[in-house]
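Asker: coords please:
(3 chains)
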Amino acid sequence: MSTASMEAALLLAGILFMLGLLSVLIRRNIIFMLISVEIMLNAAGLAFIVAGTRWVQPDGQVMFIFILTMAAAEVSVGLALIMQIYHQLKTLDSDAANVMKG
Amino acid sequence: MADLLWLIPALPFLGAVLLVLFGTKLPRTVAGLVGVGSVGISALVTIILGMDFLATRPAFYQQEVWQWFSVAGFSPSIGFHLDALSLVFIFVITFVGFLIHLYSTAYMADEADFSRFFACMNLFVGSMLVLVMADNLLLLYLGWEGVGLCSYLLIGFWYKEPANGYAARKAFIITRVGDTAMAIGLFMLFQLFGTLNIQSILSDAPQVWPVGAEGALLVALLLLGGAVGKSGQLPLQTWLPDAMAGPTPVSALIHAATMVTAGVYLITRMFVIFELAPVAQLTVAIIGAVTLLIAGFSALTQYDLKRVLAYSTISQIGYMFLALGVGAWSAGIFHFMIHAFFKALLFLCAGAIILALHHEQDMRKMGGLRHKMPVVFWTFLIGAASLAALPIITAGFYSKDQILWYALAGENGNIWLYAAGLAGAFLTSIYTFRMVFLTFYGESKTHLEHPPGRRITIPLIILAVLSLVGGFIELPHNFGHVVLFSDLLAPVLPGISASEVLAANEWLFQLLAAVVSLGGVFVAYLFYIKSPHLLHSLERSPAAMRLHRFWFSGWGFDALYDNLLVRPYVFFSNLNKRDIIDSFYTGLARMAEGFHVIFSQTQSGMLRNYVMGIVVGAIMILTISLLL
Amino acid sequence: MELTFYIAAAVAILSTIMVITRYNMIHALLYLVVSFMSVSVVFFTLGAPFMAALEIIIYAGAIVVLIIFVIMMLNMTKEDIQREKEWLKPSVWVGPAMLSAILLAELVHILTTSNPAQTEALVAVDAKLVGLALFGPYLLGVQLCGILLMAGIVGAYHLGRQKKKVIHRFLQERSAAA
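Answerer: As a prediction, this is how the structure comes out:
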């Protein structure tokens, strides 16, 4: 069906992951950090799909479904947390939430 | 019948548990009932079992209740073994113990910690029963330590007084010295025999060791160390006089029924090992002889009524050791039984006096109590006569005479041991009647607070009767020849034969013993009733004063140990006050603290820093795995 | 199909770059939708059409919409965008970019060296097989996912509730004094 090589697909996953990671590292806005995490999760899912297709096994897609579920749960809880932070601190700056520092 | 065995130690334990759990909520009468009743039922079971034992005469009853644990081939059981020897002991423990408990309900009636007292007493009796009924040495050791614990709890019963706590600690620590020796002995026995079952050790020992084997000697000496510690013999006797800090019934229990006789029991129980090591057995005899003299001299000089009795216990246990040492096993046990009767009697009488005089223990402040407390006077007199071994009528005469006789005429006896015993008998009768004269005669110096009630006098009367008639179950063979007691013990303990030459003249030595004992009474009468000025002039001479001080302090053993052991220890511990080894651990703690300060800096609360940390870590791991 | 894959991959990378460089959250999210869609095309070309559909429905549909709703509730203004601009100074980029580059380089290294290239044709795995696997050997995982979603719902409800702010009167006094 397709002749796109597995390496190319994995490279795509890697690049997407790196971009997400880069974004997590540079952002201070906590919503952006959440978006970046979504990018990374998506990249990981892509890697699973590639692997599943490579060995013609359904397991990769099963894992993607699990990741999807996890991402959904994570976003819902994460957004709730963000709203709490915003209500408490009146800002989305993640560095402002450093009350627990050692 | 053997099925009943477990009940005997279990009942006092049950009583103790009940009193510990619910003691403070129970009314006094119920608490007392539980405390006395548990020991009483235990005594009843013992008597039923004893009747059956005497009727059917089995070699022993054996009951294994459950297996304690099983580790690497070592599987001691919670099992009880009752033979004639144990029977004598459990009879004395439960019966005398019961009387003491009964007495205590009156003695401790005004005490705030009534139920704590009875819980400890029950535990004490239960531990002692486990000790004498154990079929293996590990269970025996459990009882042994239980007895040590209870003695600590009871000596320090009035713990608010620092001196009592000190006495309790002293008793605990000094007996611990002996216990350690005994534990090492048990390790050796287990290594050699692969079991701690008493009967199999006793039957195997002659095959393992020839007579005089070094191993047997070592084990016997280690066991002796334990026995010496518990029984308050030289050189570990110093705790016993101080143990008088506890309530008087406790002293009675420690001295008569439990605790101090544990050493006698241990040596008798392991007699095979001692017979295989004649040197150790001779050591037992010598320790006994020396102890009975030293304690006798010390008892002469004490003013505290209870301390006199304490030293007399040390001295009487010395007699038992002497008997065991010369191989007169049944004589030693016989003296143990008789001693339990009269010593419990004397202590309980002393308690009644102390209670009546509002906790006055100094004999110099007593006097003239003869008419005020007739029951106590007569029973105390009977106990004292038995202790002093007045001839013919008292039980003490028969038991002590037997020991003296075998110390001279027995196979291992010799003239020196006999001389020591005889001198001890003389001292015994002097200090005993000094006590009687000082306390009950002379002019009255104190006001009687409350006369003893019925719960106090009934145990006294029972014990007094036993102190008189108890001796008639074993009479010398030239004088009635009753051997009920040694017959009972014959299947368990080997008999002893007296030398033929001396046997013909046995009556001569009995006469000598009788004269010595009566002579002691006369000396006491002379000094304390007839012509007290003799005593005063004697007291004034400097040599006598020095000697008095020396004996009063118990031959300076406390000071000796203080200088020899305690002071150097304190000195070294002072040197090492800022614990050198500990500084290493303090250093570790400091290091952890330093790292804590450093690493807590990294807890900046900045989410991005944490993510950065994760990324750096991932890179490091990935790099390492690529390079390797 | 191969060309489709490469085009989709290029779009995915480009749109993701746009996501991470935006100052306005809504813009970023729109690019994110593009990114997800192009990834879903990649899935399609890899022979996982069902997953491609799920990607669009859940990622692009549910998750992004959820985030947008939250952003709308938070009332973002021009100042926020301005502040975002201040936070994203070029100097901030240096370190993270280097770290990411190193990681990517290592990944590329692994991909190119470790496995000898096997250029077999990718075969589609249809949804039926996935379904059988999900409710066969992965049944426990499915149940765990259910529990996770349940926990997510409860957690989101609990955390997202607007509690009436109760400040202790002593604290109030102290903050007033400060």
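
Asker: where are the low-confidence patches of the chain?
Answerer: Since no chain was named, I'll use chain A. Per-residue confidence for chain A (pLDDT under 70) gives these ranges: A:1-4, A:100-102.

Asker: That was the other one, I meant chain B.
Answerer: B:1, B:445-450, B:477-481, B:498-504.

Asker: Using the three-state scheme, assign B:L26.
Answerer: The local conformation at B:L26, judged by DSSP: H, G, I helix; E, B strand; the rest coil, is coil.

Asker: Just list the residues touching it, thanks.
Answerer: Applying Cβ atoms under 8 Å, 6 or more residues apart in numbering or on different chains to B:L26 gives the contacts B:19, B:34, B:115. Backbone N, C-alpha and C define where each C-beta goes, glycine included.

Asker: Please report the distance of the closest residue to chain B within chain A from B:S151.
Answerer: Nearest residue of chain A to chain B (Cβ to the nearest Cβ) works out as A:N98 at 2.5 Å. Separation of A:N98 from B:S151 (Cβ to Cβ, to the nearest Å): 62 Å.

Asker: out of the two, which sits in the more crowded spot?
Answerer: B:S151 (27 against 14; other Cβ atoms under 10 Å in any protein chain shown).

Asker: measure the more buried one to chain C for me?
Answerer: 57 Å (Cβ to the nearest Cβ, to the nearest Å).

Asker: Now the one helix or strand that residue maps to: buried residues?
Answerer: Assigned by DSSP states H and E, B:S151 belongs to helix B:137-155. By neighbour count on 16 or more other Cβ atoms under 10 Å in any protein chain shown, the buried set for helix B:137-155 is B:137-148, B:150-155.

Asker: Surely B:L153 touches B:F118?
Answerer: No: with contact defined as Cβ atoms under 8 Å, B:L153 does not reach B:F118; the gap is 11.9 Å.

Asker: Can I get stretch B:385-400 as PDB, trimmed to CA atoms?
Answerer: Extracted in PDB, the C-alpha atoms of stretch B:385-400 (Å, rounded to 0.1, in the frame of the first residue of the first chain):
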ATOM      1  CA  ALA B 385      13.400 -22.500 116.000                       C
ATOM      2  CA  SER B 386      13.200 -24.300 112.700                       C
ATOM      3  CA  LEU B 387      15.700 -21.900 111.100                       C
ATOM      4  CA  ALA B 388      18.000 -22.400 114.100                       C
ATOM      5  CA  ALA B 389      17.400 -26.100 113.800                       C
ATOM      6  CA  LEU B 390      16.500 -26.700 117.400                       C
ATOM      7  CA  PRO B 391      16.700 -30.500 117.800                       C
ATOM      8  CA  ILE B 392      13.900 -33.000 117.800                       C
ATOM      9  CA  ILE B 393      10.800 -30.800 117.400                       C
ATOM     10  CA  THR B 394      11.600 -28.700 114.400                       C
ATOM     11  CA  ALA B 395      11.700 -29.700 110.800                       C
ATOM     12  CA  GLY B 396      14.800 -27.600 110.200                       C
ATOM     13  CA  PHE B 397      16.800 -29.800 112.500                       C
ATOM     14  CA  TYR B 398      16.100 -32.900 110.400                       C
ATOM     15  CA  SER B 399      16.900 -31.300 107.100                       C
ATOM     16  CA  LYS B 400      20.000 -29.400 108.200                       C
END
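
Asker: which residues are in contact with that stretch?
Answerer: For stretch B:385-400, the external contacting residues (Cβ under 8 Å, 6+ apart) are B:312, B:316, B:319, B:331, B:334-335, B:337-339, B:341-343, B:345-346, B:382, B:401, B:425, B:428-429, B:432-433, B:466-472, B:474-476, B:510, B:513-514, B:517-518, B:520-521.

Asker: Those in helices, which ones?
Answerer: Secondary structure assignment by DSSP state H places B:312, B:316, B:319, B:331, B:334-335, B:337-339, B:341-343, B:345-346, B:382, B:401, B:425, B:428-429, B:432-433, B:466-469, B:510, B:513-514, B:517-518, B:520-521 of those in helices.

Asker: Among the residues you listed, name the buried ones.
Answerer: Among these, the ones that count as buried by 16+ other Cβ under 10 Å are B:312, B:316, B:319, B:331, B:334-335, B:337-339, B:341-343, B:345-346, B:382, B:401, B:425, B:428-429, B:432-433, B:466-468, B:510, B:513-514, B:517, B:520-521.

Asker: Below-threshold pLDDT in chain C: ranges please.
Answerer: Using pLDDT under 70, the flagged stretches of chain C are C:114-123, C:163-178.

Asker: Tell me who's in contact with the residue nearest the centre of it.
Answerer: Nearest to the geometric centre of chain C sits C:Y59, at 7.4 Å (Cα atoms, centre = their mean). With contact set as Cβ under 8 Å, 6+ apart, C:Y59 has these partners: A:38, A:42, A:68, A:71, C:36.

Asker: now do 10 Å
Answerer: Contacts for C:Y59 (Cβ atoms under 10 Å, 6 or more residues apart in numbering or on different chains) come out as A:38, A:41-42, A:45, A:68, A:71-72, A:75, C:32-33, C:35-37, C:39-40.

Asker: can you pick the most crowded of those residues?
Answerer: Within those, C:V39 tops the neighbour count with 31 neighbours, counted by other Cβ under 10 Å.

Asker: check contacts around that one.
Answerer: Residues in contact with C:V39 (Cβ under 10 Å, 6+ apart) are A:12-13, A:16, A:39, A:42-43, A:45-46, A:49, C:8-9, C:11-12, C:15-16, C:51-52, C:55-56, C:59-60.

Asker: hmm, 8 Å instead?
Answerer: Going by Cβ under 8 Å, 6+ apart, C:V39 touches A:16, A:42, A:46, C:8, C:12, C:55.

Asker: a markdown table please, covering those and showing secondary structure and distance to chain B.
Answerer: A markdown table is the format used below for these (DSSP: H, G, I helix; E, B strand; the rest coil; distance: Cβ to the nearest Cβ, whole Å):
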| residue | secondary structure | distance to chain B |
| --- | --- | --- |
| A:L16 | helix | 16 |
| A:N42 | helix | 18 |
| A:L46 | helix | 19 |
| C:A8 | helix | 28 |
| C:A12 | helix | 22 |
| C:E55 | helix | 25 |
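
Asker: out of these, which are buried?
Answerer: A:16, A:42, A:46, C:8, C:12, C:55.

Asker: In this structure the third one contacts A:L11, no?
Answerer: No: applying Cβ under 8 Å, one finds A:L46 not in contact with A:L11, separated by 10.7 Å.

Asker: near chain B, which residues of chain A?
Answerer: A:21, A:24-28, A:30, A:33, A:94-95, A:97-102 (Cβ under 8 Å from any Cβ of the partner chain).

Asker: what subset of these is also close to chain C?
Answerer: A:21, A:25-28.

Asker: just the buried members of the residues you listed?
Answerer: Neighbour counting with 16+ other Cβ under 10 Å marks A:21, A:25-28 as buried within those.

Asker: Just give me the closest of the residues you listed to chain C.
Answerer: A:L25 (3.3 Å).

Asker: Nearest residue to the closest one in space, ignoring adjacent ones along the chain?
Answerer: What sits nearest to A:L25 in space, not counting adjacent residues and going by Cβ to Cβ, 6 or more residues apart in numbering or on different chains, is C:P96, at 3.3 Å.

Asker: And for B:D401?
Answerer: B:D401 sits nearest to B:A513 (Cβ to Cβ, 6+ apart), 5.3 Å away.

Asker: ok, that neighbour - contacts?
Answerer: B:389, B:391, B:397, B:400-401, B:404, B:422, B:425 are the contacts of B:A513 under Cβ under 8 Å, 6+ apart.

Asker: For the host helix or strand of B:V611, buried residues please.
Answerer: Following DSSP H and E, one finds B:V611 within helix B:607-627. With burial defined by 16+ other Cβ under 10 Å, the residues of helix B:607-627 counted as buried are B:607-608, B:611-612, B:615, B:622.

Asker: Thank you, goodbye.
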